[in-house]
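**Student:** here's my sequence, what's the structure:
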Amino acid sequence: MRLSLGACTLTIFSTLLIPAVYGKTSANEVEDLLSLSLEELLNVPITSTAYFEEDSLHVGSTVTVISEQDWQHRGARRLHDALLSQPALTIHTNFLGQYSVRIRGFAQSDARGIETLWDGVPLASYHVATSDLDRPNIQLNTLDSIEVIRGPGSAFYGAGAFHGVISLNSFDSDRDTTQSSLGLASNGYYSGAVKLSRSIGQDHRLNLAISTNGQPDQNFTYDYTDTGSGLPASNERDYHYNSYTISAKLKSDPHKTWSYNIGLYYDLNDQDDFHGNGRSAPDIDTSDNEAGLGMGKISITRKLDTNRSIEFQSYHWRQEHDFDRFLSVGGNRLNIHGEETRSAAKLIYRHDKLFGNTQLGLALGHRHEKINDAHRTITNPSGGVIAEGDLLFKGLNRTITSLLMDNKTTFMNNDLTLRYGFRYDDYSDFGKQTTPRLGLIYALGKQETIKLLYGNAFRAPTAVEIGGNAFITGNPNIQPETIDTYELVYMRQTKNSKFEAVLFTSRWKDSILAIDTNNDGNPDVFANTGNNNSKGLEISYDVHIGKWAHQINGSYVSSTNEDTNEDYVAFPKYIINIGTGYRINKSLSFYMQNRLMLKAQNGPGEGNFTTNELPTYWRTDLNLTQKIDKKTVIYANIRNLFNRKNYLSSLVDMEGGARDEEVSLEAGIRYTL
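**Tutor:** A predicted model of the protein is given here:
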């Protein structure tokens, strides 16, 4: 039934929409993953790791660039879908409908520290140090690429980048273009987007992207054990959502002595009947979440000469959210309304040829963030108010003054590269922190390098950890947690292939956790406690051979709490991603993506909750892309092709894990004018 509906949709697109646009002509041409050489894909400059552009062979971090063509060929719908081709990276369900990213182990409900950037602006909130709650679905159709740093990024981005960085680069074109897309799926999923780039006069350009997607009620069944009778039972979640994203940027000619870039951004996510808080009320484990963000950003650059420039950056954003979930088996509901603002300014000095062999970046920054509102209301099943009041962290604010130095120096005719830098942060609420980074990169030849990298990171306590919430007492004396990571990297890159192997080890100290001081199985206070370690291996191989393209990677990760000698069992020991594409002819291609996760349990098993090993996760997605002319592409995506019953680990210990999506077929069209 589902497949026939999708096939019908594809037929409608093919017979009705294509003739209407076929006759139009344009200099622009649609490009897809298999129409580009691997060399073109791999030589995209990396911008998230330094104040100067880097290439993959010499970058001082373990970073992957995910292109728009890549996530399109894997049929990605939501933001977290685009990340699921990475080694040592997983998506877990978490409280209040979150899909939380975890990198290189440490899968526990209290773990934070993945910084999300939107055009360089950090979005991780002050109240919980993550963007998973407020910004779960910034629209892929408004982005050009995503850069994922696996490992610490605090030396460049500060406290939020503890375990890694997800950098979102919004739509930006240097030529006039109009792009539109529309997609529908058999499970009711829809997506639509328009992207526009226009020159204004001789020296200015406007880039605009508007996108939406969503799903109606899914009536998705989940199983649990009834707390009263102890018998198996089941219920449903709707997983109903609608999301909207807009980015609008006006920029001047960057080659002029003076240039500027102004951006306005808006994102809204409204979701109903997603997963809630797992084990606390399994018979009614659902939650609602509505969260919006408005943001403005400006940068002004002055070129001092060919090799030197100074740039002023500033941004301001405001987020507002309403979270709602069942609080108990009796049906009481908890609603939390929150508002948060952040303002920042930064002055950046760049010198590309200091002493002839050194690139220098210096930055002085100032940031202020505040919890403007945090209000809790508890209601009974009939809607009557049982209790309400402000949460203790309402009104908390923080000011951060920072100094950053980021350098690269080459020796031995550029065969040896030294990457070094540090960040100094002065926090108004707990003190000062210095975060270093160091990298030694040696070229074994023009096509291969070996790297030894060290990165230190820290995470400052959040507003919740300082002020507490409705269930866990805050700790105003809590101190930052730190992590040290060492990486040994080998890379070889040719015109049609790339191989990378990363051996890493991390030591996480003074971790901030909610601990159980009453010995009743429930955490009741935040504290610095315990040391943790993680170690593992990541291997990836990309190759284009004739009409074939293969993207293969895998990882082994072991992470442990050193104090209890317990493994972080929710993170898979092994992850394997296998992508295979084939160009049947000049206009028709297919791409098949397989993701396997092995040796993971249904949750972290915190408190008195026991865990069980999940069956092997194996999902196959298939994409067919038909290029009609230079401007028009139609596509079909089959998600979970073999309709396997796959389960994701849940950081709130859902019994049996969280069921992944069933088979569905999506059909759509992309048109460039």
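
**Student:** quick check: phi and psi on residue 283?
**Tutor:** Dihedral pair for residue 283: phi -70, psi -20, per degrees, to the nearest 10.

**Student:** just confirm it contacts residue 235, I think it does.
**Tutor:** Yes - shown here, residue 283 and residue 235 form a contact pair, counting by Cβ atoms under 8 Å, at 6.1 Å. The way it works is simple: take the backbone N, C-alpha and C, and place the C-beta from them, glycine included.

**Student:** give me the common contacts of these two.
**Tutor:** Jointly contacting residue 283 and residue 235 under the rule Cβ atoms under 8 Å, 6 or more residues apart in numbering are residue 224.

**Student:** figure out how far the helix or strand containing residue 441 is from the centre of its chain.
**Tutor:** Element membership for residue 441, per DSSP states H and E: strand 431-445. Put simply, strand 431-445 sits 24 Å off its chain's centre (Cα atoms, centre = their mean, to the nearest Å).

**Student:** what's the first helix or strand after it?
**Tutor:** As assigned by DSSP H and E, the chain's next helix or strand after strand 431-445 is strand 448-459.

**Student:** what comes up buried for that following strand?
**Tutor:** Burial within strand 448-459, assessed by neighbour count using 16 or more other Cβ atoms under 10 Å, is assigned to 449, 451, 453-459.

**Student:** report the beta-bridge partners for residue 399.
**Tutor:** Under DSSP bridges, the beta-bridge partners of residue 399 are residue 368.

**Student:** confidence score at it?
**Tutor:** pLDDT for residue 399: 97.

**Student:** swap in residue 296?
**Tutor:** According to the model, residue 296 carries a pLDDT of 98.

**Student:** so which strand or helix has it?
**Tutor:** In the assignment (DSSP H and E), residue 296 maps to strand 286-303.

**Student:** tell me which helix or strand comes right after that strand.
**Tutor:** strand 308-326.

**Student:** and the strand holding residue 296, how far out from the chain middle?
**Tutor:** Using Cα atoms, centre = their mean, the offset of strand 286-303 from its chain centre is 15 Å.

**Student:** next, the angle strand 308-326 makes with that strand.
**Tutor:** Counting by axes from the mean of the first three to the mean of the last three Cα atoms, to 10 degrees, strand 286-303 points 170 degrees away from the direction of strand 308-326.

**Student:** what are the boundaries of the helices in the chain?
**Tutor:** Assignment of helices within the chain using DSSP state H yields the ranges 2-12, 18-22, 38-42, 68-73, 79-82, 154-157, 463-467.

**Student:** mean pLDDT for those: which is lowest?
**Tutor:** Among the helices of the chain, helix 18-22 carries the lowest mean pLDDT (a mean of 31).

**Student:** quick one: residues contacting residue 257.
**Tutor:** Per Cβ under 8 Å, 6+ apart, neighbours of residue 257: 302-303.

**Student:** what's residue 197 in contact with, if anything?
**Tutor:** Going by Cβ under 8 Å, 6+ apart, residue 197 touches 171-178, 205-208.

**Student:** by neighbour count, which of those residues wins?
**Tutor:** Using other Cβ atoms under 10 Å as the neighbour criterion, residue 171 leads the contacts of residue 197 with 24 neighbours.

**Student:** that residue contacts residue 209, doesn't it?
**Tutor:** Yes - the pair residue 171 and residue 209 passes the contact test of Cβ under 8 Å, sitting 4.0 Å apart.

**Student:** between the two, which contacts overlap?
**Tutor:** 142, 195, 247.

**Student:** got TSV for those, with pLDDT, distance to residue 310 and neighbour count too?
**Tutor:** Conversion of the shared contacts of residue 171 and residue 209 to TSV gives the following (pLDDT from 0 to 100; distance: Cβ to Cβ, whole Å; neighbours: other Cβ atoms under 10 Å):
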residue	pLDDT	distance to residue 310	neighbour count
142	98	30	23
195	97	32	23
247	98	26	26
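
**Student:** which one of those is nearest to residue 559?
**Tutor:** When those are compared for distance to residue 559 (Cβ to Cβ), residue 142 wins out at 33.9 Å.

**Student:** list the contacts of the closest residue in space to residue 127 that isn't next to it in sequence.
**Tutor:** Among residues not flanking residue 127 along the chain, residue 463 sits closest, at 4.5 Å (Cβ to Cβ, 6 or more residues apart in numbering). For residue 463, the contact set (Cβ under 8 Å, 6+ apart) comprises 126-128, 371, 374, 393, 396.
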